[in-house]
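Asker: Coordinates for the following, if possible.
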Amino acid sequence: MLTNQIPLIQGQFAPGQIGELCREDGGGEKRIIFIETSGEKCLRPRQACAVESAARTNRDMSIYLYMATERPPGNPEADKGEGLQRDCKTMEVLESLANVYVMRSDLPKHLVDTPLESLYFGGKLKGSDYAFQHLSDALRVALLYKHGGIYLDLDVVVLRSLRCLRNTAGHTFILGESSIENGFMAFDRGHKLLKFFMRWMQRSYKPNERSVIGPNGLSRAFQMLCNHPSKVISDSVYDFKCHDGVEIRLHNKTAFHPITYFEQNRFYEENFDEEELDTFSQSYSVHVYGSGHGARVPQTSLFAFMANQFCPSTYQFHLQGLYVF
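Answerer: Sure thing, here's the model as predicted:
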């Protein structure tokens, strides 16, 4: 068990130390995008950790952080707990990274000239009960469709290079059902699944269902386009050839979700066993699911260990007592 405030195995599990899963360049756009829709000027420390980890492990890629300049209409979810305060020192960290670009703008404009333009400007999205989430769900698909690249949620810690990932997403199992997660997506510009999914969003959007145009919607769009049953997709990497020549690769949960949503307490336990790190031996990233929605992060926890390794600048501000991680 790790009992030190700073674990002693630092050099063995850090960017460039743990080995790469990408053996070749997958082609496609070399950009990673994050989206923050609240309209706040600064990130929460755990959000900044996600961006820093992507930048440090993918120095050959440009990292774009899209930040809304205004709060979106509708009703946002409320979070309570530790680590949810915003601090502009997080932006100092990101601005110090050469491959990070902060894009502050009126985010709904990126829905123009996509099938989602009418969904927002026609007023449906403006009545959302999950305003931050639904706008983000729509924007990530529109931005990938327009520009290509890799989309990551702001509660993901990136462990390795992502350069070989193309036209892919990951699935996990929730209550026995296979779900395609939309927190990690890599697609070429103009990919037909994205267009199909946006058209499906237009028809199926419900403002009171949190995941309707998120994982639930992406899973349904994939099942329809690829004519695949909903129960189980695969327990390994699998290539699908779907209608109209569409090709999609799905990774198993180990690639992006090695610890599932229902096991997330493992990130925050007071001490963790070093064998936990074996869980990530075939993982590109780790999804921390809302970064705990306010769960406390002990300095000897697994999440703190990952932060110390993969977003050290963000985490050091916490260790110096300048904000709560």
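Asker: so where's the stretch 1-150 of the chain shaky on pLDDT?
Answerer: 1-11 (pLDDT under 70).
Asker: Could you pull out the helices in it for me?
Answerer: Taking DSSP state H, counting those that start in this stretch to define them, one finds helices in the stretch 1-150 of the chain at 45-57, 89-95, 117-121, 131-147.
Asker: Mind checking those helices for the one nearest to residue 168?
Answerer: Nearest to residue 168 among the helices of the stretch 1-150 of the chain is helix 131-147 (11.8 Å), distances taken as C-beta to C-beta. Backbone N, C-alpha and C define where each C-beta goes, glycine included.
Asker: returning to what we had before: most packed of the helices of the stretch 1-150 of the chain?
Answerer: Mean neighbour count, computed with mean count of other C-beta atoms under 10 Å, is highest for helix 45-57 among those, reaching a mean of 26.
Asker: Surely residue 127 and residue 207 touch.
Answerer: Yes. In this structure, residue 127 is within contact of residue 207 by C-beta atoms under 8 Å, at 4.8 Å.
Asker: and for these two, which residues touch both?
Answerer: Counting by C-beta atoms under 8 Å, 6 or more residues apart in numbering, the contacts common to residue 127 and residue 207 are residue 74.
Asker: still on that earlier bit, relative to residue 79, which of the helices of the stretch 1-150 of the chain is closest?
Answerer: helix 131-147 (10.0 Å).
Asker: Figure out how far stretch 241-258 is from the centre of its chain.
Answerer: Centroid separation for stretch 241-258 versus its chain: 16 Å, with C-alpha atoms, centre = their mean, to the nearest Å.
Asker: any idea where the strands of the chain begin and end?
Answerer: Ranges of strands within the chain are 31-36, 62-68, 100-105, 149-152, 156-158, 168-174, 177-187, 238-241, 247-251, 285-287, based on DSSP state E.
Asker: Any chance of TSV for those strands, columns distance to residue 25 and mean neighbour count?
Answerer: Below are the strands of the chain laid out as TSV (distance: least, C-beta to C-beta, whole Å; neighbours: other C-beta atoms under 10 Å):
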stretch	distance to residue 25	mean neighbour count
strand 31-36	14	23
strand 62-68	15	21
strand 100-105	21	15
strand 149-152	13	26
strand 156-158	17	27
strand 168-174	14	22
strand 177-187	13	22
strand 238-241	18	13
strand 247-251	15	19
strand 285-287	18	25
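Asker: how close does the closest residue to residue 96 other than its chain neighbours sit to residue 179?
Answerer: Excluding its sequence neighbours, the residue lying closest to residue 96 (C-beta to C-beta, 6 or more residues apart in numbering) is residue 313, at 7.0 Å. Counting by C-beta to C-beta, to the nearest Å, the gap from residue 313 to residue 179 is 33 Å.
Asker: on that earlier part again, now render the helices of the stretch 1-150 of the chain as TSV, adding distance to residue 33.
Answerer: As requested, the helices of the stretch 1-150 of the chain are arranged in TSV below (distance: least, C-beta to C-beta, whole Å):
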stretch	distance to residue 33
helix 45-57	10
helix 89-95	14
helix 117-121	18
helix 131-147	6
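Asker: Now do the residue nearest to residue 96 against residue 158, distance only.
Answerer: Taking C-beta to C-beta, one finds residue 313 at 15 Å from residue 158.
Asker: what does residue 97 give?
Answerer: For residue 97, the distance to residue 158 - C-beta to C-beta - is 13 Å.
Asker: likewise residue 195?
Answerer: Using C-beta to C-beta, which is the criterion applied here, residue 195 is 27 Å from residue 158.
Asker: Please apply the same query to residue 205.
Answerer: Between residue 205 and residue 158 the distance is 30 Å, computed by C-beta to C-beta.
Asker: same check, this time on residue 79
Answerer: From residue 79 to residue 158 the distance is 23 Å (C-beta to C-beta).
Asker: for residue 241, same thing?
Answerer: Taken as C-beta to C-beta, the span from residue 241 to residue 158 is 29 Å.
Asker: now residue 294, nearest residue through space, not along the chain?
Answerer: residue 81 (1.6 Å).
Asker: and of the strands of the chain, who's closest to residue 14?
Answerer: strand 156-158 (12.2 Å).
Asker: Parallel or antiparallel, list what pairs with that closest one.
Answerer: Looking at strand 156-158 with DSSP bridges, its partner strands are strand 285-287 (antiparallel).
Asker: which residues touch stretch 254-263?
Answerer: With C-beta under 8 Å, 6+ apart as the criterion, stretch 254-263 contacts 156, 170, 172-174, 181, 183-184, 237, 253, 266-267, 279-280, 282-287, 289.
Asker: go on, stretch 120-134?
Answerer: Against stretch 120-134 from outside (C-beta under 8 Å, 6+ apart): 37-38, 71-77, 108, 111, 119, 135, 138, 205, 207-208, 210, 212-214.
Asker: Kindly write the PyMOL command that selects the buried subset of those.
Answerer: Those of the contacts of stretch 120-134 that count as buried under 16 or more other C-beta atoms under 10 Å are selected in PyMOL with:
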select buried, resi 37+38+72+74+76+108+111+119+135+138+205+207+210+212+213+214
